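> sequence and predicted structure, then a few things I'm wondering about:
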Amino acid sequence: MTSGAELLRVTNKVYLANIEKWKRNKAAFEGGEEWKALKLLYEYVAEANPEYEKRIQQTPLENHCESVITTYAGFIWRDPPKRNFGKLDKNTNLNRLALDADMDGTPLNEFMKTVQVFGGVYGVVWVVLDKPAVTAATKADEIRSGLRPYVRLYTPEDVLDFEFTTALNGATLLSYLKTKTETETRKGRAVTVIEWTVETIKTTKILENLIVGEPVEVLNPLGAIPAVLYSNQKSTVRGKASSDIEDIVGMQVSIYNDYSELTQMIRGSNHKTLVKNPGDQATSGAGGVILMDPDAPSDKRPYLLQADAEALAGLLSAIEKKTEAINRMAHLTSVRTYRKQVISGVAMETEFQILNTLLAGKSAQLQLCEYQLFRMFCLWEGVDAEASGYEVTYPLRFELRDRKADLEFLTAAKDVAERMNSVTLLRELNKLIARVSLVDDAMIEKIDRELGRKVGGV
């Protein structure tokens, strides 16, 4: 009989090749104790372990990875996606799914935001649209009992194995999936392992590496595995994609070590090191007294060591340069940087366009993921997905403009238009000013109609 440890053993090559990177990315994003547990500070020569551990606890983390991921999420989810359920508008289970996607009170928008965030951290995440394996007499009984499809998010750390096969029509289908869910109980660490195939669903419970009871295996009523692989970016390798913080983690580690050095230097500046002869007697604090050993050589006088102030300034400058590099790597220079020099409007617009393209790609991946989940939902409900008329639209354009600069430009252009005495030009400039100043589309349309009705003056 297979043991719990054997069941949890992984042979998937993608998992084995990337698990350490995934763990590092998660720790870099979450910070706190998980980050400290990686012990990424460089060790000093002959540094004792207690001193090293103390330095880890004292060193602050400036979490750029978390900042980059949440900045992307802030732009993407500023305007939530628009959904049209079509013919399924009155479908009770679909409406419940939108309000409580994971049976834990999480709305669908918030759940998809979590998908985007952790997809940015790991590069990929898995979303399974499951349904309780309980049979109801009628559809009404099923609805009353709350037996409906719900979503579960699995990070790549929790997907122990998977396999894709090519169908006769050339489509790539998921043919095997093994997931684990860990919980801490009073009896110890409990793990639930679910193995999906197109024919069966097998659930095994493990407690402290020992299988509890007999595995439960049931027929898969769908004839397909209801799981969607969300990729942060398109990838040629299934189960792996580039993370948003792939290269930023290394720079964060470097800055982290710079802060450690900075902390030590500041402590050295405030608490100077006294160098004395073994026989000298010294008292600390203001007005301290040193009694020199009478047998000490005359040229061996006590003295103080103090940190170099220029080295402090150099470290601070290095941290600033590395932070600028992170902003360039994440294409967030235009929104995360306080500029010390003026750049051209063309350069600023180019930065905004690059970031807009990056965000649009992420938004498109989310939209694709949700369409795939809807098709899985229709399989559970036994309805035709193509004939349902379901539509979901994620924003693909993001307002990344400098409103103050645009207003200054339009105001100057309006002054020129007034001198030209062009009613049409003034009217169009006023419309542009309304678009820059307001965010309510309905109000902007109302102003456009008002300006369009004017025939003289503005």
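Thanks, I have it.

> which SSE is the spatially most central residue of the chain in?
Compute the mean C-alpha point of the chain, and by Cα atoms, centre = their mean the closest residue is Val117, 3.2 Å away. Assigned by DSSP states H and E, Val117 belongs to helix 108-122.

> got the angle for the helix or strand just after that helix vs helix 108-122?
Using DSSP H and E, the helix or strand that follows helix 108-122 towards the C-terminus is strand 124-130. With axes from the mean of the first three to the mean of the last three Cα atoms, to 10 degrees defining the directions, strand 124-130 sits at 150 degrees from helix 108-122.

> returning to that earlier point: what residues sit buried inside the helix holding Val117?
Using 16 or more other Cβ atoms under 10 Å as the test for burial, helix 108-122 gives 108, 111-122. The C-beta positions use only the backbone N, C-alpha and C, and glycine is treated the same way.

> same question for stretch 350-370.
So for stretch 350-370, counting by 16+ other Cβ under 10 Å, buried means 351-352, 355-356, 358-360, 362-363, 365-367, 369-370.

> if we can go back for a sec, what's near enough to touch the residue nearest to the centre of the chain?
Residues counted as contacts of Val117 (Cβ atoms under 8 Å, 6 or more residues apart in numbering) are Ile69, Thr70, Ala73.

> so how do I select the buried members of these in ChimeraX?
In ChimeraX, this line selects whichever of those come out buried by 16+ other Cβ under 10 Å:
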select :69,73
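
> narrow the contacts of Val117 to those in helices?
The helices, defined by DSSP state H, take in Ile69, Thr70, Ala73 from these.

> now these as CSV including pLDDT?
Listed next are the ones in helices among the contacts of Val117 as CSV, based on pLDDT from 0 to 100:
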residue, pLDDT
Ile69, 96
Thr70, 95
Ala73, 95
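
> ok, now how distant is the nearest residue to Lys113 once chain neighbours are set aside from Thr393?
In space, not counting the residues next to it along the chain, Lys113 is nearest to Trp77; the distance is 5.2 Å by Cβ to Cβ, 6 or more residues apart in numbering. Distance of Trp77 to Thr393, given as Cβ to Cβ, to the nearest Å: 14 Å.

> so between the two, which is more surrounded?
Using other Cβ atoms under 10 Å, the more surrounded residue of Trp77 and Thr393 is Trp77, with 19 against 11.

> quick one: the more buried one from Val117, how far?
For Trp77, the distance to Val117 - Cβ to Cβ - is 10 Å.

> equivalent analysis for Ala17, please.
From Ala17 to Val117 the distance is 24 Å (Cβ to Cβ).

> how about Ile19?
With Cβ to Cβ as the criterion, Ile19 and Val117 are 20 Å apart.

> over to Tyr390?
Going from Tyr390 to Val117 by Cβ to Cβ gives 25 Å.

> go on, Glu30?
Using Cβ to Cβ, Glu30 is found at 11 Å from Val117.

> which residues touch the residue nearest to Leu379 when sequence neighbours are not counted?
Nearest in space to Leu379, with sequence neighbours left out and distances taken as Cβ to Cβ, 6+ apart, is Leu222 at 4.9 Å. Shown in contact with Leu222 (Cβ under 8 Å, 6+ apart): Met376, Leu379, Trp380.

> looking at these, which are in helices?
Met376, Leu379, Trp380.

> of the residues you listed, buried ones?
For the ones in helices among the contacts of Leu222, a burial check counting by 16+ other Cβ under 10 Å picks out Met376, Leu379, Trp380.

> closest to Lys139 out of those?
Trp380 (12.1 Å; Cβ to Cβ).

> secondary structure element for Glu6, which one?
Secondary structure (DSSP H and E) places Glu6 in helix 4-8.

> okay, angle between the following helix or strand past that helix and strand 124-130 too, please.
Counting by DSSP H and E, the next helix or strand C-terminal to helix 4-8 is helix 13-30. Between helix 13-30 and strand 124-130, the angle comes out at 100 degrees (the same axes, to 10 degrees).

> who does helix 13-30 touch, helix- and strand-wise?
In terms of contacts (3 or more Cβ pairs under 8 Å, 6 or more residues apart in numbering; DSSP states H and E), helix 13-30 is packed against helix 32-37, helix 64-76, helix 108-122, strand 159-166, helix 248-270.

> need the residues that contact it.
With Cβ under 8 Å, 6+ apart, helix 13-30 has contacts from 10, 34-35, 37-38, 63, 65-66, 69, 121-122, 155-157, 159-161, 237-240, 243, 245-246, 248-249, 252.

> same thing with stretch 251-262?
Stretch 251-262 is contacted by residues 28, 40-42, 55, 58-65, 312, 315-316, 318-319, 322-323, 325-326, 329 when judged by Cβ under 8 Å, 6+ apart.

> just the buried ones out of those residues, please.
For the contacts of stretch 251-262, buried by 16+ other Cβ under 10 Å: 28, 40-41, 55, 59, 61-65, 312, 315, 319, 322-323, 325-326, 329.

> next SSE after the one helix or strand in the chain whose mean pLDDT sits lowest?
When each helix and strand of the chain is scored by mean pLDDT, DSSP states H and E, strand 303-305 comes last, with a mean of 59. The helix or strand immediately downstream of strand 303-305 is helix 309-329, counting by DSSP H and E.
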